[in-house]
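> prediction below, plus the sequence it came from.
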Amino acid sequence: MTDVLTTWAGSHTFRGGPVVHPATVAEVTEVVAGARHVRALGSRHSFHDLADSPGTLVVLDRLEVPTVVDPDAGTVTVGAGVRYGELARDLHAAGWALHTMASLPHIAVAGTVATATHGSGDTAPNLSAAVRGLELVGAGGEIRTLGPDDPELAGSVVALGGLGVVTRVTLAVQPTYDVAQEVWVDLPWTTALDRFAALMSSAYSVSLFTDWRGGTVGQVWRKHRVDDDAWTLPAAGDELAGARPAPGPQHPVPGVDPAACTTQGAAPGPWHERLPHFRLDFTPSNGAELQSEWLVPRAHAVAAIEALRGIGHLTSPVLLVSEIRSIAADDLWLSGAYGGDRVGLHFTWLPRRAEVEAVLPAVERALAPFGARPHWGKLFADEHRTAHGGTALHELYPRWDDQVALLTGRDPEGVFANDFLVRHGLRG
């Protein structure tokens with residue numbers, strides 16, 4: 001009987017098949033070599049058909065690849081299907097750490113880096129930027145390895161699954177560290193926007209949570225790196241003027257039990273237990289939800305936020321919460337932060353697909369003047385975006401043509417092509 005697979009929030013049912021769960025890299029090569037169309041699946045943390053295929057679906061949840069730290073190189077090599085939360089526990093136990101974590105530790109490594117998924121912080125590039133090497137199974141079943149000096153690496157990390165089934169990922173690591181997380185509530189929008197740069201740089205990672213209603217930002221989450229035992233909580237500066245310390249633990253979605261959230265109250269703890277918003281052993285985020293996100297150049301962040309405030313009457317009725325966070329630049333061709341620092345404007349929507357899709361064009365019209373790049377794994381206005389004021393995707397990425405050439409050159413028969421890549425012009 002064929003497995004029935006959906007994305008983690010049930011927003012898309014995969015149409016491909018058969019579904020296979022290889023345990024070894026050798027089994028992956030056999031599957032790819034014998035299939036006409038193939039796509040790889042990890043934690044399925046996407047909201048549309050990005051990872052779907054008309055053919056075989058390779059699920060990497062049972063792939064047995066050892067985790068190996070190279071202390072001299074400052075790297076860790078890990079199996080593609082391993083979730084970040086599990087990797088982080090192993091790294092911390094061995095005295096090592098990643099530079100950032102996404103909001104959810106439940107996501108698999110290969111799918112995360114393939115979509116330029118990120119954590120947050122003015123000085124923290126996305127998780128994909130930590131990649132120092134890849135092992136992947138190409139269109140003929142051959143195993144290819146790319147190292148840090150390979151000229152194709154920058155186009156192969158964020159490749160949306162279009163170059164093959166990634167089986168191993170090598171990531172940069174650093175010595176482990178502690179983080180303390182504090183939450184403030186009801187920050188006036190006037191303060192947040194007038195002092196936006198100071199606010200976003202006031203901690204290692206800063207997130208603003210809003211429903212786009214009213215005159216205040218609902219919550220400000222600040223995550224501070226703790227460098228020694230003498231650490232004390234930084235004093236609140238003018239960037240928090242008018243806000244109040246949270247009276248207790250908070251969930252980003254108002255009214256939801258915060259038990260699933262990582263420890264707040266400025267109590268220092270291991271990096272992997274503070275940088276994510278949510279604990280690995282709880283249901284991710286709200287569970288029943290949809291998501292969208294657009295990344296804008298940091299210089300346009302305040303204007304873009306003002307534009308979104310102007311359409312809050314359209315987005316708020318189908319919104320659980322929005323998050324505003326910063327991401328440092330990288331050089332990965334299809335990354336949302338390619339070529340410059342960005343601010344992410346994230347929407348966690350109610351699970352009402354038709355209503356959400358109806359407001360996406362309005363969001364893209366509002367953000368069109370700012371060169372907003374949509375997150376690849378989340379909902380955006382899709383192939384009709386130019387008809388309602390959005391910018392064509394190929395105009396947003398300076399290395400678009402190079403990316404198309406790499407995808408077609410390495411996979412001329414379209415073994416890893418799918419509707420998503422064709423629809424957006426990355427495959428013919």
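That came through fine.

> which strands and helices sit next to the longest helix along the chain?
Taking DSSP state H as the criterion, the chain has its longest helix at helix 353-367. Under the contact criterion of 3 or more Cβ pairs under 8 Å, 6 or more residues apart in numbering; DSSP states H and E, helix 353-367 touches strand 290-297, helix 301-309, helix 312-315, strand 342-349. All C-beta spots, glycine's among them, are computed from the backbone N, C-alpha and C.

> average pLDDT across it?
Per-region confidence: helix 353-367 scores 95 on mean pLDDT.

> determine the angle, from 0 to 180 degrees, between it and strand 290-297.
Counting by axes from the mean of the first three to the mean of the last three Cα atoms, to 10 degrees, helix 353-367 lies at 10 degrees to strand 290-297.

> and helix 353-367, what's buried?
Neighbour counts over helix 353-367 (16 or more other Cβ atoms under 10 Å) mark 353, 356-357, 359-367 as buried.

> so how far is that helix from its chain's centroid?
20 Å (Cα atoms, centre = their mean, to the nearest Å).

> what's the answer for stretch 54-64, then?
21 Å.

> about what we covered before: need the helices and strands packed on helix 353-367 in JSON lines (columns: mean pLDDT, distance to Ala241 and mean neighbour count).
As requested, the helices and strands packed on helix 353-367 are exported to JSON lines (pLDDT from 0 to 100; distance: least, Cβ to Cβ, whole Å; neighbours: other Cβ atoms under 10 Å):
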{"stretch": "strand 290-297", "mean pLDDT": "97", "distance to Ala241": "25", "mean neighbour count": "24"}
{"stretch": "helix 301-309", "mean pLDDT": "98", "distance to Ala241": "17", "mean neighbour count": "19"}
{"stretch": "helix 312-315", "mean pLDDT": "98", "distance to Ala241": "23", "mean neighbour count": "16"}
{"stretch": "strand 342-349", "mean pLDDT": "98", "distance to Ala241": "21", "mean neighbour count": "24"}
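
> how about those, which one is nearest Phe278?
Checking those against Phe278 by Cβ to Cβ gives strand 342-349 as the closest, at 11.9 Å.

> please name every helix or strand in contact with the closest one.
strand 290-297, helix 301-309, strand 319-327, helix 353-367.

> Leu98: which of the ones you listed is closest?
Closest approach to Leu98 among the helices and strands packed on strand 342-349 is made by strand 319-327 (14.7 Å; Cβ to Cβ).

> adjacent strands (with direction) for the closest one?
strand 205-210 (antiparallel), strand 342-349 (antiparallel) (DSSP bridges).

> returning to that earlier point: residues touching the following helix or strand past the longest helix of the chain, excluding its own?
Next helix or strand after helix 353-367 toward the C-terminus (DSSP states H and E): strand 373-374. Strand 373-374 is contacted from outside by 292-296, 336, 342, 364, 380, 393, 396-397, using Cβ atoms under 8 Å, 6 or more residues apart in numbering.

> and what of stretch 5-21?
Contacts for stretch 5-21 (Cβ under 8 Å, 6+ apart): 2-4, 31, 37, 39, 41, 43-49, 51-59, 61-62, 106, 284, 287-290, 351, 353, 379.

> go through those residues and flag which are in helices.
Filtering the contacts of stretch 5-21 for helices - DSSP H - leaves 31, 353.

> adding distance to His424, write the strands paired with strand 319-327 out as a markdown table.
What follows is the strands paired with strand 319-327, written out as a markdown table (distance: least, Cβ to Cβ, whole Å):
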| stretch | distance to His424 |
| --- | --- |
| strand 205-210 | 29 |
| strand 342-349 | 20 |
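
> so which of the ones you listed is nearest Asp194?
strand 205-210 (13.8 Å).

> contacts for that closest one, please.
100, 119-122, 124, 187, 192, 199-200, 217-223, 252, 275, 277, 321-326.
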